[in-house]
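[1] Show me the folded form of this:
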Amino acid sequence: MSAADFRKLADLFPNETVTHSYVQDIELPAVDGKSPGTFALVTLDNGLDHSKPTTLGPETLIELGIVLERLKERATRGEIVGVGVTGKPYFLVAGADLSTVKSISGREHGLWMAQLGHDVYATLANLGVPSFAFINGLALGGGLEIALQSTYRTVSTGAGALALPEAFIGLIPGWGGVYILPRLIGPENAVKVMIENPLSNNRTLTGPQAFKLGMADAMFEPADFVEQSVAWAAQVIAGAVSPERANAVNPAEPEVAARWAGAIAAGRSFVEAKTSNGSPAPAKVLEVMEANRTLTQAQSAELECETLADLMQTDEFRSTVYAFLDLVQRRSKRPAGAPDRKLARPVTKIGVVGAGLMASQLAMLFARQLKVPVVMTDIDQARVDKGVGYVHAEVDKLLQKGRISPDAANRTRALVTGSVSKEAFADADFVIEAVFEELNVKKQVFKEVEAIVSAECILATNTSSLSVTAMAEDLEHPERLVGFHFFNPVAVMPLLEIVRAPKTDDAVLATAFELAKGLKKSAVLVKDAPAFVVNRILLRLMGEVTAAFDEGTPAEVADNALRPMGLPMTPFVLGAMVGLPVAQHVQESLHAAFGDRFQVSENLQALIDNGVKSIWDPASVSAGQPAIPAETLALMSFGTSPSTSAEVLRRTQDALAQEIGLMLDEGVVAGPEDIDLCMILGAGWPMFLGGITPYLDRVGASERVNGKKFLAPGVASEPAA
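    Residues are numbered from 1 along each chain as shown. Here you go, the predicted model:
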């Protein structure tokens, strides 16, 4: 690769937000009465505030490379004795600029990008004087690899989000991380950081966690982190401190070679369990790590570059960037169709109708996140006491785990109260019901509440499938009612479907969206239609698999047919988790609305009638060998038209494409992007599939059923030529 090639690469991306490399000379503090010399500190900064993380694009890397070459020349002349790299407040570097990487259309340009990073990082690793990375904040991907390529590392106790998340976004840690990390912290820990964490909802490490693993040599407090790090560097350069690396290994040793192989095998098992090998990237991380045990760093760098260039051309990578960057990072923060936030009303007190599990979870969430009084009501004192007791118990758990301070725990407990009278809602600004999923029950609740609350009070329903419009029919002010549909468990699931009925007004909607933001949820505006988005799609999926089972397809074939989708659980396991009666109730609602597209299974009804909670024996599922108990099998009857696994998969793909096409025609959401966002955040749809519509486009179902793809070329796939 020549400098001219790198320049051509940078010219392809004229809109890159450049992270500049600013150099400051520092006279190192004295050690034993004498300064070791001059230290050059490079600060990476894009000149923007903390809402705009520093990233690495071609122009950024070229500038950093030029700066490092000059420092190498100064080191040769004896002008400096060490080089440090740190970042602007809260960030070292957030990794490669995904917008840039996603738009790379040809393999050659992807290879150039990979090689550019390696060229720059090789200079950092070979300056002729010790290099130091001062990890002051977030360090992801290529940002963390800057630290790994340095001779020594310090980390702030306040640093959050340290990770190599490439397996999650469809790539590998391709700028040396996959080579250096297992040697630095051991192969088992490296697999945890490069495979287990990324595939576990993109989990990251804190500064103290990274230090404990051995990713940093020293740790200091945030207040004077850089000053302490420079003083420590002076000690190292002077020879007064020699960092010990307890987890570092030599892969040439036979014992380490065995550990290396074991870690790779464990990683492959983890990938299979998490993704059903539906994404190529995690396997490639492990392949490169396995190979580089016996390679030189230069040989590994070549393999990393070639692998990165290949992965950048995959639909899985483009789909992941679409899902992560375009949807989760961008669209979720600017919900389509949301009214002007200035219309939102203040909410200073919240009422929750009901004190069962869902109601109690809601009360806990409102109190903890919004820090406003929350009052729960139910039909008797015992139920009320149980609901309030649940909240107090959950607060105690957080306190015991150190996730909440004693003062915060006391405040949260004090905010949640209960009453057997809805009169307690008289001064509430927002009242949500979480009672039995039956329309007449909910209508009666709202009639009673409306008679008590102020004219400005917003009423909300947490229904998962019933008509919000029908609930509002008998209200004096139907414009005040909005759907506010959470997913279980409430504290964990990030999606909130906000349902607009025909008469819901903009101020009510705006308030709902502001509440969602305060609750740290991602809200999607949904038209009032049966089961809204997530449940409608999931029930269509589950219905097709169940129908194939009822027709005579063996249970193991039907339930595992969707493995290529890489879903977090199989349909039968999902049904048991949701609860067969709940799933059947929603299916019946959808059947009533849409007819035979949603088939109601007589077999499932037979299980429900006999108190059976799962098709599979739960113990057999836990043991990894699902089996149907004989007594359960005896309750069911089957047809004589079994399907193959491939037939069930294609049938389900086509059914989903049909249903989503109809939902878009009905205007249930603003576009396919909102369908994808809902399925990712509300159903755990794999990020590497890009959501559901890119997947259906890729497998041909969209065109088979609807005659066209859901997304334009280049959105989550290769750009049009």
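[2] sec struct for the residue nearest the centre of the chain, please.
    Residue closest to the average C-alpha location in the chain (Cα atoms, centre = their mean): residue 201, at 4.7 Å. The local conformation at residue 201, judged by DSSP: H, G, I helix; E, B strand; the rest coil, is coil.
[3] same question, residue 529
    State at residue 529, reduced to three classes by three-state DSSP: coil.
[4] wait, it sits on residue 668?
    Yes. Between residue 529 and residue 668 a contact is recorded at 4.9 Å, counting by Cβ atoms under 8 Å. In this view, the C-beta of every residue, glycine as well, is placed from N, C-alpha and C.
[5] Between those two, which contacts overlap?
    For the pair residue 529 and residue 668, residues contacting each of them under the criterion Cβ atoms under 8 Å, 6 or more residues apart in numbering are residue 536.
[6] which residues touch residue 327?
    Contacts of residue 327 (Cβ under 8 Å, 6+ apart): 673, 676-677, 680, 691.
[7] what's the answer for residue 416, then?
    363-364, 367, 374-376, 388, 391-392.
[8] for it, which residues make a bridge with it?
    residue 374 (DSSP bridges).
[9] where does the stretch 1-150 of the chain dip in pLDDT?
    By pLDDT under 70, the low-scoring segments of the stretch 1-150 of the chain are 1-2.
[10] Now for residue 8, how many residues are close by?
    Residue 8 is flanked by 13 other residues according to other Cβ atoms under 10 Å.
[11] one step back: mind telling me the two of the contacts of residue 327 farthest from one another?
    Across the contacts of residue 327, the longest distance by Cβ to Cβ is 10.5 Å; it joins 673 and 680.
[12] shared neighbours of these two, anything?
    Common neighbours of residue 673 and residue 680 (criterion: Cβ under 8 Å, 6+ apart): 327, 691.
[13] For the stretch 351-500 of the chain, which segments are assigned as strands?
    Ranges of strands in the stretch 351-500 of the chain, per DSSP state E, counting those that start in this stretch, are 374-377, 416-419, 430-433, 458-461, 481-486, 495-500.
[14] contacts for the third one?
    Spelled out, it's strand 430-433. Strand 430-433 has contacts (Cβ under 8 Å, 6+ apart) with 347, 349-354, 362, 425, 442, 445-446, 449, 453, 457-462, 484, 511, 515.
[15] cool, and the last one?
    The list of residues contacting strand 495-500 from outside it, by Cβ under 8 Å, 6+ apart, reads 335, 461, 468, 482-487, 509, 512-513, 516, 519, 521-528, 532-534, 677-678, 681-682.
[16] Send me that strand as PDB with only the CA atoms.
    What follows is strand 495-500, C-alpha atoms only, in PDB (Å, rounded to 0.1, in the frame of the first residue of the first chain):
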ATOM      1  CA  LEU A 495     -39.000  -1.000  23.400                       C
ATOM      2  CA  LEU A 496     -42.200   1.000  24.100                       C
ATOM      3  CA  GLU A 497     -44.900   0.800  21.500                       C
ATOM      4  CA  ILE A 498     -46.900   4.100  21.700                       C
ATOM      5  CA  VAL A 499     -50.300   3.600  20.200                       C
ATOM      6  CA  ARG A 500     -52.200   6.500  18.700                       C
END
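[17] tilt between it and strand 481-486?
    For strand 495-500 against strand 481-486, the angle by axes from the mean of the first three to the mean of the last three Cα atoms, to 10 degrees is 170 degrees.
[18] in its sheet, what does strand 495-500 sit against?
    Partner strands for strand 495-500, per DSSP bridges, with pairing direction: strand 481-486 (antiparallel), strand 522-527 (parallel).
[19] next helix or strand past that strand?
    Toward the C-terminus, strand 495-500 is succeeded by helix 506-518 as the next helix or strand (DSSP states H and E).
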